[in-house]
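Engineer: coordinates only, sequence not included:
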């Protein structure tokens, strides 16, 4: 028998509290590069593979990064009907985007070969996160592969607990941290930032970013150890065609007109229309020239269009860094005109419309009960969410028309960013026991709709009456870097985002930052640029908050009338079964009769949601009647369940009865009980006695006369120790004259 021999290479380092192991040679040997990365008992496999050909007509770099979450990694079976993983979870999509945004800037954008990065979760210990480990695995897989790439990179996470930074914290530490900062980059600079925070100030954030970058270098060094042992020779690639002479010729032809268009037309639509006319004019000129030339001498009309666009980009960037003038005429720090409105949509629980220039977002808030929370079926420790933010970017928002094919990864990412921005300001479940869903509908887009959705969401929450701690606003910063000249731009619009080098989104309150997201197209940015961007963002954020407060200074004092009303009540966990009843009979009865929804936690917290306060209060009375201990002197409205010659039995609480002796039924003498009281009649009664076995004695006359318990007992003509009948389940139904179990 021949034994299979593999050449396995492994390096070991340290990350946070546990060893970090990178290994190649055991798995996926046909991939261009394959690496397993293990941190604690969390392990991922990353493969990097490149096609040998390019698709016909392709004019962009086709990079895809996919993180495949497998529940076997945590020893779980998927909860779907099929019992297998279906579409990726939101967490998996966000992890894919995080890694993609780290890797993409370091590829040559002219490559046309398809590059595919696939990450597979093999093991998850619930404490050591996959995202930073995935960046490390992807970078290493690319470096040892045959794919040309300008890496490596690494990612690190920073937490803030009790005023001290924690490098690469575990999940339990992140749960208590006021900062969850994820940073990736090269040894020279940061190229990706993702952050959720609880009002962290700019100085602290800069310190955290600097610390994160300092730790990245050691992780890249560890990768280089494996590269030295196992790297493959880089393969040749197919690149997009480029004709330097043609580009120079088209530039000379177009530049004067482009200068005029950019200088004179500050309105986007006018500028776009003029540029489209110029593109068509130049294309027609070269098309006419081609008609007179042999086929082998004709120019590529697609390259002509690219040359026009490249000239436009060059002129826009030049004017910004040299003249200090942006395409719409603003300087570096001016924000476009702002507008904020609330309460513009009927029936919904809350609505906010925010507009900045041509960017307009409408956010709708919906308030629900605990049972409306989102159930999660992924590797993360949390199993449900009571606060959700969803973001939609329809084609009409940019004046386009294309098929709707479900939610895109970009929409998931923008929704998560806005969700993080407001998360720290959402009241806790004890203060506000509701489920909250926000949906941001982009009405018009010209730069930074994600930050506009943060502002719209703040307005919608306050309009709904959600007692958020403080309003949150967001702004997008941009960067243009030409040599040593750097321009940091406040409130970037679409053209500046498209032609610029950085998109840096910052959200927060008047006290500090609550969310960050940075994507760049160059290799990285320096600490000085980060500091300038954060300070300009702080100033802009405060201006936007003033506009939001002018529309609605604080959350409305009452919930929207269309929102459900919630009451919470703590009961003894041992009495949960009594409230639920056999097969859920009791709780369904309360819900049906009071028109409410009831949820009960394992700790005994009862959540009662009704369409109005009165229905919720009625249901609470029913719950209290089941769970509270009966006290002498309490008065109830009860229903007669049995009529006897010596009195009547009254159900004064669910599943609890007591006897009203004939002597306590009225202010006058009763000769025949059945003549005056009928089955199912409602009467008011007072609890006047409870015997050691739990049987209850009631008095109607005490209510009519206004007697005390002692006075009612003194006038009771019956025997207080008379028989009763116990109900099923052990609750005593008071009474007299002997009894039997009720069925």
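Structural biologist: Alright, I've got the coordinates. All values reported here derive from a predicted model rather than from experimental measurement.

Engineer: where along the stretch 201-350 of the chain do the strands fall?
Structural biologist: If DSSP state E, counting those that start in this stretch is used as the criterion, the strands of the stretch 201-350 of the chain fall at 338-342, 350-356.

Engineer: out of those strands, which one sits most buried?
Structural biologist: Greatest average neighbour count among the strands of the stretch 201-350 of the chain goes to strand 350-356 (a mean of 26), per mean count of other Cβ atoms under 10 Å. Backbone N, C-alpha and C define where each C-beta goes, glycine included.

Engineer: partner strands of that strand, parallel or antiparallel?
Structural biologist: When pairs are called by DSSP bridges, strand 350-356 turns out to pair with strand 338-342 (antiparallel), strand 359-368 (antiparallel).

Engineer: how about CSV for these, with distance to residue 284 and mean pLDDT added?
Structural biologist: What follows is the strands paired with strand 350-356, written out as CSV (distance: least, Cβ to Cβ, whole Å; pLDDT from 0 to 100):
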stretch, distance to residue 284, mean pLDDT
strand 338-342, 41, 97
strand 359-368, 34, 96
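
Engineer: tell me the SS of residue 48?
Structural biologist: strand (DSSP: H, G, I helix; E, B strand; the rest coil).

Engineer: residue 370 touches residue 385, doesn't it?
Structural biologist: No - with contacts counted by Cβ atoms under 8 Å, residue 370 stays clear of residue 385, the gap being 11.5 Å.

Engineer: of these two, give the one with the bigger neighbour count.
Structural biologist: Here residue 370 and residue 385 are set side by side on neighbour count (other Cβ atoms under 10 Å), and the busier one is residue 370, at 21 against 16.

Engineer: what pLDDT does the more buried one get?
Structural biologist: What the model reports as pLDDT for residue 370 is 83.

Engineer: distance check, it against residue 50.
Structural biologist: Using Cβ to Cβ, to the nearest Å, we find residue 370 at a distance of 49 Å from residue 50.

Engineer: list the residues that contact the closest residue to residue 231 other than its chain neighbours.
Structural biologist: Closest residue to residue 231 in three dimensions, ignoring its sequence neighbours and counting by Cβ to Cβ, 6 or more residues apart in numbering: residue 144, at 4.8 Å. Residue 144 makes contacts with 24, 33, 35, 226, 227, 230, 231, 232, as judged by Cβ atoms under 8 Å, 6 or more residues apart in numbering.

Engineer: list the contacts for residue 471?
Structural biologist: Counting by Cβ under 8 Å, 6+ apart, residue 471 touches 425, 458, 462, 509, 510, 545, 548, 549.

Engineer: could these go into TSV alongside pLDDT, neighbour count and distance to residue 617?
Structural biologist: Compiled in TSV, the contacts of residue 471 are given as follows (pLDDT from 0 to 100; neighbours: other Cβ atoms under 10 Å; distance: Cβ to Cβ, whole Å):
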residue	pLDDT	neighbour count	distance to residue 617
425	97	20	29
458	98	36	31
462	98	24	26
509	98	23	35
510	97	15	38
545	98	19	38
548	98	22	35
549	97	16	34
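
Engineer: out of those, flag the one nearest to residue 672.
Structural biologist: Comparing these against residue 672 with Cβ to Cβ places residue 462 closest, at 64.2 Å.

Engineer: and the strands of the stretch 201-350 of the chain: which comes nearest residue 187?
Structural biologist: Among the strands of the stretch 201-350 of the chain, strand 350-356 comes nearest to residue 187, with 36.9 Å by Cβ to Cβ.
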